[in-house]
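Colleague: Generate coordinates for the sequence data below:
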Amino acid sequence: QEDEKRPKKSVKKIMFSNSPPKQTSKIDPAFRKVACGLSQDQLDMTQLAKSYLQK
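Modeller: Numbering: from 1, shown residues only. Predicted coordinates:
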C-alpha cells in the first residue's frame, strides 16, 4: 500500500554520452564507383545528357 501513496514518475531521464561510438566500415571501391555514379559509362551518359540539354 506504500506504492499508492508515492506519486508515479511518467518521465524517465535519458543520459547521452558526449561522443557516440564511431562505426567505421570499409566500402568496396568498385561498389562506391557504381553507387556514386563515377563509373565510365555513367560519366559518359551524364556528359551526353548535359550536352543534350545545352542544345
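Colleague: how far does the longest helix seen in the chain sit from the chain's center?
Modeller: If each helix of the chain is counted by residues according to DSSP state H, the longest one is helix 40-54. Here the centre of mass of C-alpha atoms in helix 40-54, compared against the chain's by CA atoms, centre = their mean, to the nearest Å, lies 28 Å away.
Colleague: Looking at Gln2 now. What's its pLDDT?
Modeller: Careful, residue 2 is Glu; it's not Gln. pLDDT recorded at Glu2 is 56.
Colleague: how near is Met15 to Lys8?
Modeller: In this structure, Met15 lies at 21 Å from Lys8, with CB to CB, to the nearest Å as the measure. Bear in mind the C-beta positions are built from the backbone N, C-alpha and C, glycine included.
Colleague: Actually, Ser17.
Modeller: Counting by CB to CB - Ser17 and Lys8 are separated by 28 Å.
Colleague: try Lys55
Modeller: As judged by CB to CB, Lys55 and Lys8 stand 71 Å apart.
Colleague: host element of the nearest residue to Gln42 once chain neighbours are set aside?
Modeller: In this structure, Gln42 finds its nearest non-sequential neighbour in Val34, 7.6 Å apart by CB to CB, 6 or more residues apart in numbering. Taking DSSP states H and E as the criterion, the element that holds Val34 is helix 29-35.
Colleague: Check the secondary structure at the most centrally placed residue in the chain for me.
Modeller: For the chain, the residue lying nearest the average C-alpha position, counting by CA atoms, centre = their mean, turns out to be Gln23 (11.9 Å). Assigned state for Gln23: coil (three-state reduction, DSSP: H, G, I helix; E, B strand; the rest coil).
Colleague: Number the residues from 542 up from this point.
Modeller: Happy to do that; since the first residue is 542 now, the last one works out to Gln564.
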